[in-house]
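Undergrad: Fold the following, please.
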Amino acid sequence: MANRKSIEPYDFTSDQSREEAAKNGRKGGIISGKKRRAKKSFREAAKWALEMESSAVVDGELQNITQYERINMILLSMIKDPKSDDFNERRFFQAVELLAKLRSSGYADEKMLAEIAKIRAETKILKGKTDQQSVNLSTYSGIPATLIAPTFQPVLLDIAEGGHTEYDFPGGRGSTKSSFVALEIVDLIMKSEDKSACAIRKVGNTLRDSCFAKICWAISALGLDYEFTMTVSPMEITRNATGQKIYFRGADDPGKLKSIAPKIGYLSILWFEEMDQFSGEDELRTIRQSVIRGGDEATVFCSFNPPKSANNWANDYVLTGTAARLVTRSDYLSVPKKWLGKPFLDLAEELKEKNPVAYENEYLGVANGSGGNVFDNVECREISDQELSQFDNVLHGVDWGWFPDPFAYVRVHYDAARMTLYILQELVVNKQKNQETAEQLIALGVTSADIVTCDSAEQKSISDYRSFGINARAAEKGPESRRYSFKWLQSLVKIIIDPARCPIAAKEFLHYEYERDREGNVISGYPDGNDHCIDAVRYATNRIWKHRGQ
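TA: Predicted structure coming up:
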């Protein structure tokens, strides 16, 4: 049974930032029974430190006492001698003196925390060891309510009481669903010494910046840094005291999934992140059968942003639940604003005003698509010469090809203020050499001053173009860049295409659909095939959607 204090409702009307809430939440994992039972001299020293800090004044103004009392608590957790039940008093007074010095000099909080981090590094006696513990686990209290958005607080109690086997979290951007899953995985491992976990994504090379980073954050937010060792090769997180592990695997390497064999206990916690990227329910079931073995219970988490199409298998999956599954929908509106920040909220409001349909899908998690079409924001109409004369943000893109895949070039204009993309010109040909296509682009008006962004897969072709006088550059790619660029195109208010000037681009955008399984159900993901002009558009706009926040 969970400690109910950790799931009591929390007042989210306060001005606490998420960082402050995380620091406050660490008290549950840091202030243990051993600290409360420490010898009298240490208690007196702690009392003296807090009294000293409470009366400290910098530049004539009383400082934020709550903030500094929390810092004191963090300092206390850093100076414990793990070889005994007592505390290292010498280290304690050194830390207090440093904190007082920082306070009196008027350093900013960031500077203080940097200095505190130095103390942490110097006193990290547990580094590389697995036979010691820095937290009294018998008094570990679980996830503080200050770290959980109100939407997920009932879920925390349900998990603690074993209410369901699977927990599905469809939600929009900023809903903190992934943060909650990460916190819960760490919590479950801390409360049971025979459980291990595995976080799975469809593509393995996306794990480090998503699931791995999120669980590392959860460990730190719970004040359990010394309890775990993180490695990236292999990508694993190990609980030092017990040997329990959190594995990270991609479904694109089935062999590594089958090879998971915990030395301690059994693997009973599974997290499918971005569930809609998997091919369907059958794939999820196959993975579960391969990974979860042994033990009497299992806990499965599925988190994803609902795809736009209501026919997508993932959307249908959460609508046709069973008694063993609990579905919890979430969006950013239930999250404390301080956690999200003004830039995030401003972008959400801007999209809400300019493209309500895209806003509903991306931020509220509503599957509001009409069917299997990827782009519901395409408008085919004539683009007049008068409009063309006003365009000042003209971009060029190339998707290399020979046969049967064609070479495709597009010229576009992006109106950032109206979040509207205009596709103005195209060249689509088969079986033409680089010199031939370069000459045709120059004939269409491409000059050496124009940057032509090309598929980076063919560096030789890019070099050829440069030798022919075209200012060609390689598109910047990375994990999930294809998916991200498609989502950016979908989020635009309009994609306007002149069908007379760009007939092939118009046909591709209008008829481009999500993939379907054998039963005709829509599968999340963008098919690679009849999308050559679409790819050229993605490359042309590469420097726009690669910017953070677009």
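Undergrad: which stretches of the protein have low pLDDT?
TA: For the chain, residues meeting the criterion pLDDT under 70 lie at 1-141, 294-295, 321, 370-371, 518-520, 548-550.
Undergrad: from what I can see residue 395 touches residue 415, true?
TA: No - if you go by Cβ atoms under 8 Å, residue 395 and residue 415 don't touch, sitting 11.8 Å apart. Where C-beta positions appear, they are placed from N, C-alpha and C, glycine not excepted.
Undergrad: which one of these two has more residues nearby?
TA: Using other Cβ atoms under 10 Å as the criterion, residue 395 and residue 415 rank with residue 395 on top: 22 against 17.
Undergrad: I'd like the distance between that one and residue 425.
TA: 11 Å (Cβ to Cβ, to the nearest Å).
Undergrad: With residue 237 instead?
TA: Where residue 425 is concerned, residue 237 sits at a distance of 51 Å (Cβ to Cβ).
Undergrad: for residue 268, same thing?
TA: For residue 268 relative to residue 425 (Cβ to Cβ), the value is 57 Å.
Undergrad: Equivalent analysis for residue 498, please.
TA: For residue 498 relative to residue 425 (Cβ to Cβ), the value is 9 Å.
Undergrad: who touches the residue most central in space within the chain in this structure?
TA: Closest to where the C-alpha atoms of the chain average out (Cα atoms, centre = their mean) is residue 210, at 4.7 Å. By Cβ atoms under 8 Å, 6 or more residues apart in numbering, the contact list for residue 210 reads 178, 201, 273-274.
Undergrad: can you rerun that using 7 Å?
TA: 201, 273 (Cβ atoms under 7 Å, 6 or more residues apart in numbering).
Undergrad: before we move on, what SS does it have?
TA: When classified by DSSP: H, G, I helix; E, B strand; the rest coil, residue 210 comes out as helix.
Undergrad: From residue 250, how far off is it?
TA: Where residue 250 is concerned, residue 210 sits at a distance of 11 Å (Cβ to Cβ).
Undergrad: Give me the common contacts of these two.
TA: Contact criterion Cβ under 7 Å, 6+ apart; residues shared by residue 210 and residue 250: residue 201.
Undergrad: Same question for the one helix or strand residue 490 maps to: list its buried residues.
TA: If you go by DSSP states H and E, residue 490 is part of helix 481-491. Neighbour counts over helix 481-491 (16 or more other Cβ atoms under 10 Å) mark 483, 485-491 as buried.
Undergrad: Now tabulate those in JSON lines and tack on distance to residue 356.
TA: Shown next, in JSON lines, are the buried residues of helix 481-491 (distance: Cβ to Cβ, whole Å):
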{"residue": "483", "distance to residue 356": "23"}
{"residue": "485", "distance to residue 356": "22"}
{"residue": "486", "distance to residue 356": "20"}
{"residue": "487", "distance to residue 356": "17"}
{"residue": "488", "distance to residue 356": "17"}
{"residue": "489", "distance to residue 356": "17"}
{"residue": "490", "distance to residue 356": "14"}
{"residue": "491", "distance to residue 356": "12"}
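Undergrad: I'd like to know which of those is nearest to residue 341.
TA: Checking the buried residues of helix 481-491 against residue 341 by Cβ to Cβ gives residue 491 as the nearest, at 19.4 Å.
Undergrad: Spit out the contact partners of the closest one.
TA: 351, 355, 358, 362.
Undergrad: and residue 444, how many neighbours?
TA: Using other Cβ under 10 Å, residue 444 has 13 other residues around it.
Undergrad: how close does it get to residue 450?
TA: From residue 444 over to residue 450 (counting by Cβ to Cβ), the distance is 10 Å.
Undergrad: Could you measure from residue 183 over to residue 155?
TA: In terms of Cβ to Cβ, residue 183 sits 11 Å off from residue 155.
Undergrad: Name the residue in the two with the higher neighbour count.
TA: Legend: neighbour count by other Cβ under 10 Å for residue 183 and residue 155, higher for residue 183 (26 against 22).
Undergrad: Wait, a helix at that one?
TA: Yes - counting by three-state DSSP, residue 183 falls inside a helix.
Undergrad: who touches the nearest residue to it once chain neighbours are set aside in this structure?
TA: Spatial nearest neighbour of residue 183, excluding adjacent residues (Cβ to Cβ, 6 or more residues apart in numbering): residue 218 at 4.5 Å. Neighbour list for residue 218: 182-183, 186 [criterion: Cβ under 7 Å, 6+ apart].
Undergrad: Tell me if I'm right that residue 332 and residue 176 touch.
TA: No - using Cβ atoms under 7 Å, residue 332 is not in contact with residue 176; the gap is 8.2 Å.
Undergrad: higher neighbour count, these two?
TA: A count of neighbours by other Cβ under 10 Å puts residue 176 above the other of residue 332 and residue 176, at 25 against 21.
Undergrad: still on that earlier bit, out of the contacts of residue 491, what pair is the most spread apart?
TA: Across the contacts of residue 491 (Cβ to Cβ), the longest gap, 9.2 Å, separates 355 and 362.
Undergrad: Tell me, how many residues neighbour residue 260?
TA: Count around residue 260 with other Cβ under 10 Å applied: 16.
Undergrad: contacting residues for the closest residue to it other than its chain neighbours?
TA: Distances taken as Cβ to Cβ, 6+ apart put residue 247 closest to residue 260, at 5.6 Å, once the chain neighbours are dropped. By Cβ under 7 Å, 6+ apart, the contact list for residue 247 reads 198, 236, 260.
Undergrad: repeat that with 8 Å
TA: By Cβ under 8 Å, 6+ apart, the contact list for residue 247 reads 196-199, 235-236, 260, 267.
Undergrad: The helix or strand hosting it: partners in the sheet, and parallel or antiparallel?
TA: If you go by DSSP H and E, residue 247 is part of strand 245-250. With DSSP bridges as the test, strand 245-250 is paired with strand 195-201 (parallel), strand 235-239 (antiparallel).
Undergrad: Now do the helix or strand following that strand: which elements does it pack against?
TA: Per DSSP H and E, the first helix or strand lying C-terminal to strand 245-250 is helix 254-258. Here helix 254-258 touches strand 245-250, helix 281-291, going by 3 or more Cβ pairs under 8 Å, 6 or more residues apart in numbering; DSSP states H and E.
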